[in-house]
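K.L.:
Next one to model:
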Amino acid sequence: MMANESLKEVFSDVTLTEDPNTFKEPNRVKYLLTGCGNRDTGTKHYEVRGSFDEIEDLFVKMSILDRYAAPNLRDSLLRHQQRPRSPPSPVKPVAIVGAVWDFIQQRCSKELKRIQGEDVLIHKPRDKMVVTFQSHRKDSVWVHFARERFVTFYQRLATDLKVQTYSLAPQYYKNLQGQFPELLIEGGPSKDNITVTGRYMHIVMLEDVLRFHGSSSPVTSQRPLTPQRVSPRASGTTRNKQSDDEEDEESCPICLETIKEDRKKTLACKHSFCRGCLEEAYNTKPVCPTCGAVYGELKGTQPKGGTMAVTRERSSLSGYDKYGTIVIQYHIPSGIQKEEHPNPGQNYQGVSRTAYLPDSSEGRYVLALLKRAFDQRLTFTIGRSSTTGMENRVTWNDIHHKTSRRGGTSCYGYPDPDYLRRLQDELKVKGIY
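P.N.:
Next up is the predicted model:
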């Protein structure tokens, strides 16, 4: 899920080449290079080899040191301009799935626009299942960059996206459109079936609602989803003989009958239900059937047996210069999927991930929340890897972590001044606050 994690997997052995004499403090640079190990190249340059994290940390330490201005800069620029330019490398199109692309266009237009920026156009030819990347600039660097950002976004979304088909009574179609605006619902009241595309958690919430309207299964229904008890208001029966007071009576979103005052239960989110209907809904999941607010302790499908180790470092994260760093190391071992997982009985591949928080009072508070999420098995799940596309892998589960110390939001790193607040909002949706 995280862009920087893919870099670590692809670039496991990285080499940094540097000339200490270009710095105003060459001895300090030599000390840094020597401390990390170096190889004499027979020239002025030193070579240091290591992991992605090690080389990244060394590069950052050296980037804050002062360098000498390049000598004869004007002559160097002139010589560079006189060199024949090699043609820019072509930017390859990206193969897509039609359902995912339709969802991006209709529900993720803001994210797509952010990826394109002002100079890149992401386009899908009418007769092909690929998207292309174009720019009016001669320099193709930004086009390549936009392509990589799109691939990361597309893989993360495709991993979480589900497409389901349901048989649905016509009177429920309009209500579903208003109740689940984040879902892409195709089909209409005149058709027996609707196709729904959306993120996994939104599909689960939809199926919770449909289940209480008569479906015998939490997955695709093969028959019209009609409620066990249909009120005149729900079925469209003429109400000319009903009084105006009855028109204002409140209906239970689960059974669609008028809620009797002595059986009414109103949640803190202000949604009301028949007490019996709500108790039955809570047996499936302790959330509001209308908005998804949590009223209990959610349990996820994270494989058991994992660990969450926490250490602290003195170095600071970008944007939190006054504080040290909290380092979280997750490890989920490989195993065999259970009934709650996508492919029970099949093997799944485990994962190790590292995340970072500022060692501030707010960072320590968020750490405690993340510990609760891990204990409730909400941090990871089993699905398709966003970096390799392989199935039956342990993946992140909609609790966004910073897996890079720096690089900003595009690299899932710092600085990101709103990150801790957003993370608390994500955890609150899962009942952790």
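
K.L.:
how about the helices in this structure?
P.N.:
3-10, 26-35, 52-63, 73-82, 98-107, 109-116, 141-160, 173-179, 200-211, 232-235, 244-247, 275-284, 361-375, 419-429 (DSSP state H).

K.L.:
Please name the residues that touch residue 406.
P.N.:
Residue 406 is in contact with 60, 317, 318, 413, 414, 415, counting by C-beta atoms under 8 Å, 6 or more residues apart in numbering. All C-beta spots, glycine's among them, are computed from the backbone N, C-alpha and C.

K.L.:
Near the closest residue to residue 393 other than its chain neighbours, how many other residues are there?
P.N.:
In space, and not counting its chain neighbours, residue 393 is closest to residue 385: 4.1 Å by C-beta to C-beta, 6 or more residues apart in numbering. Neighbourhood size, residue 385 [other C-beta atoms under 10 Å]: 19.

K.L.:
Tell me how far residue 385 lies from residue 391.
P.N.:
Plainly put, residue 385 is 8 Å away from residue 391 if you go by C-beta to C-beta, to the nearest Å.

K.L.:
now stretch 366-386: mean pLDDT?
P.N.:
For stretch 366-386, mean pLDDT rounds to 90.

K.L.:
correction: stretch 324-340
P.N.:
94.

K.L.:
circling back to that earlier point, most neighbours of all the contacts of residue 406, which one?
P.N.:
Among the contacts of residue 406, the one with the most neighbours (other C-beta under 10 Å) is residue 317, at 25 neighbours.

K.L.:
Now do the contacts for that one.
P.N.:
Here residue 317 is in contact with 323, 325, 356, 358, 405, 406, 414, 415 (criterion: C-beta under 8 Å, 6+ apart).

K.L.:
Now, those residues that are in strands?
P.N.:
Using DSSP state E, 325, 356, 358 are the members of these that sit in strands.

K.L.:
got the contact list for the first one?
P.N.:
Residue 325 is in contact with 312, 313, 314, 315, 316, 317, 356, 357, 358, 359, 405, counting by C-beta under 8 Å, 6+ apart.

K.L.:
Now do the contacts for the closest residue to it other than its chain neighbours.
P.N.:
Spatially, and ignoring its direct neighbours in sequence, residue 325 is nearest to residue 313 (4.6 Å; C-beta to C-beta, 6+ apart). Counting by C-beta under 8 Å, 6+ apart, residue 313 makes contact with 324, 325, 327.

K.L.:
give the contact list for the last one.
P.N.:
It stands for residue 327. Going by C-beta under 8 Å, 6+ apart, residue 327 touches 310, 311, 312, 313, 354, 355, 356.

K.L.:
Mind checking which of those are buried?
P.N.:
For those, a neighbour count by 16 or more other C-beta atoms under 10 Å gives the buried set as 354, 355, 356.

K.L.:
Quick check: the farthest pair among the contacts of residue 317?
P.N.:
Farthest-apart pair in the contacts of residue 317 is 323 and 406; separation 14.4 Å (C-beta to C-beta).

K.L.:
hmm, back to that, and the residue nearest to residue 393, how far from residue 275?
P.N.:
Residue 385 is 44 Å from residue 275, by C-beta to C-beta.

K.L.:
next one: residue 347
P.N.:
Per C-beta to C-beta, residue 347 is found 45 Å from residue 275.

K.L.:
So if I had to pick from those two, which one is more boxed in?
P.N.:
More crowded of residue 347 and residue 275, by other C-beta under 10 Å: residue 275, with 15 against 10.

K.L.:
how about the residue nearest to that one when sequence neighbours are not counted, what does it touch?
P.N.:
Excluding its sequence neighbours, the residue lying closest to residue 275 (C-beta to C-beta, 6+ apart) is residue 265, at 4.5 Å. For residue 265, the contact set (C-beta under 8 Å, 6+ apart) comprises 272, 273, 274, 275, 278.

K.L.:
so how many other residues sit close to residue 18?
P.N.:
Per other C-beta under 10 Å, the neighbour tally for residue 18 reads 20.

K.L.:
Excluding covalently adjacent residues, which one is nearest to it?
P.N.:
residue 46 (5.6 Å).

K.L.:
Pairing partners for that neighbour in the sheet, please.
P.N.:
In this entry, residue 46 is beta-bridged to residue 18, residue 40, by DSSP bridges.

K.L.:
pLDDT score for it?
P.N.:
pLDDT for residue 46: 76.

K.L.:
Is it correct that it is in contact with residue 26?
P.N.:
No - using C-beta atoms under 8 Å, residue 46 makes no contact with residue 26, being 10.7 Å away.

K.L.:
about what we covered before: could you dump the contacts of residue 406 into CSV and include pLDDT?
P.N.:
Output for the contacts of residue 406, formatted as CSV (pLDDT from 0 to 100):
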residue, pLDDT
60, 63
317, 94
318, 91
413, 89
414, 93
415, 90
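
K.L.:
between the residues you listed, which is closest to residue 90?
P.N.:
Of all the contacts of residue 406, residue 413 has the smallest distance to residue 90: 29.5 Å, by C-beta to C-beta.

K.L.:
wait, that closest one sits on residue 400?
P.N.:
No - look at residue 413 against residue 400 with C-beta under 8 Å: they stay out of range, at 11.9 Å.

K.L.:
To what extent is residue 25 buried, counted in neighbours?
P.N.:
Residue 25: 12 surrounding residues under other C-beta under 10 Å.

K.L.:
do the same with residue 297
P.N.:
12.

K.L.:
do you know how far residue 413 is from residue 199?
P.N.:
Distance from residue 413 to residue 199, by C-beta to C-beta: 24 Å.
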